[in-house]
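> Could you work out the structure for the sequence below:
(2 chains)
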Amino acid sequence: GAVVSQHPSRVICKSGTSVKIECRSLDFQATTMFWYRQFPKKSLMLMATSNEGSKATYEQGVEKDKFLINHASLTLSTLTVTSAHPEDSSFYICSARDARRTSYEQYFGPGTRLTVT
Amino acid sequence: ELKVEQNPLFLSMQEGKNYTIYCNYSTTSDRLYWYRQDPGKSLESLFVLLSNGAVKQEGRLMASLDTKARLSTLHITAAVHDLSATYFCAVDASSNTGKLIFGQGTTLQVKP
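Below you'll find the predicted structure:
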């Protein structure tokens, strides 16, 4: 089946620094990828839609200047958490859909656990 | 605004028993997903239901979709401990965008 990877899997950073998370589709092309965040014992909340070659679309309440998304190729989207604060600590998960398939299946990455100290 | 609600949110059951998790959603959608999440892990896809009346089965799990009632069910048959996990349903927010809105999740605990 299709595989989506994320890097890093776990990161600890200090307040005020920026962290970049990569999401890659390994064996398919994805014109669209999605970024979610999940707090402990909570559900997934959609943050933004990452569009290859164009600007990301952010959900209401998500600060686009804080969560920078770049989708420079058909297999890579990056999420940069800028000037991170402890409240940004969360589990960030990306997903992608195979642009050439009609099954509507979405493939989720393994997630990145961010801890801001 | 699309809302997705699951119930129950927590389910403790004995091995060998049957139970059903319900997923209601508030606006029209013909695409519903079920996922499993183990602690500290990402999501594992279980089912994609694409039309009214769709029924899919895999092992001890069976999912169905009633688009008219805006309801999906995940039925567990003869539960075993390995099924202990959190189960999420998700609905495509608008036609073919791929944006998924998730339910709150149902944490299933199967006791020996």
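> Report the contact partners of A:Ile12.
For A:Ile12, the contact set (CB atoms under 8 Å, 6 or more residues apart in numbering or on different chains) comprises A:114-117. C-beta here means a position set from N, CA and C on the backbone, and glycine is covered the same way.
> Output the set of residues of chain B in proximity to chain A.
Counting by CB under 8 Å from any CB of the partner chain, the residues of chain B lying close to chain A are B:31, B:33, B:35, B:41-43, B:45, B:48, B:50, B:88, B:90, B:92-93, B:96-105.
> are any of those buried, and which?
By neighbour count, with 16 or more other CB atoms under 10 Å in any protein chain shown, those hold B:31, B:33, B:35, B:42-43, B:48, B:50, B:88, B:90, B:92-93, B:98-105 as buried.
> Do a quick rundown of the strands in chain B.
With strands called from DSSP state E, chain B shows them at B:4-7, B:10-14, B:19-25, B:32-37, B:43-49, B:55-58, B:61-66, B:71-76, B:85-92, B:100-102, B:106-111.
> Which neighbouring elements make contact with the fourth one?
The contact analysis (3 or more CB pairs under 8 Å, 6 or more residues apart in numbering or on different chains; DSSP states H and E) places strand B:32-37 against strand B:19-25, strand B:43-49, strand B:71-76, strand B:85-92.
> Export these to TSV and append columns for distance to A:Leu79 and mean pLDDT.
Below are the helices and strands packed on strand B:32-37 laid out as TSV (distance: least, CB to CB, whole Å; pLDDT from 0 to 100):
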stretch	distance to A:Leu79	mean pLDDT
strand B:19-25	27	97
strand B:43-49	17	94
strand B:71-76	30	97
strand B:85-92	20	95
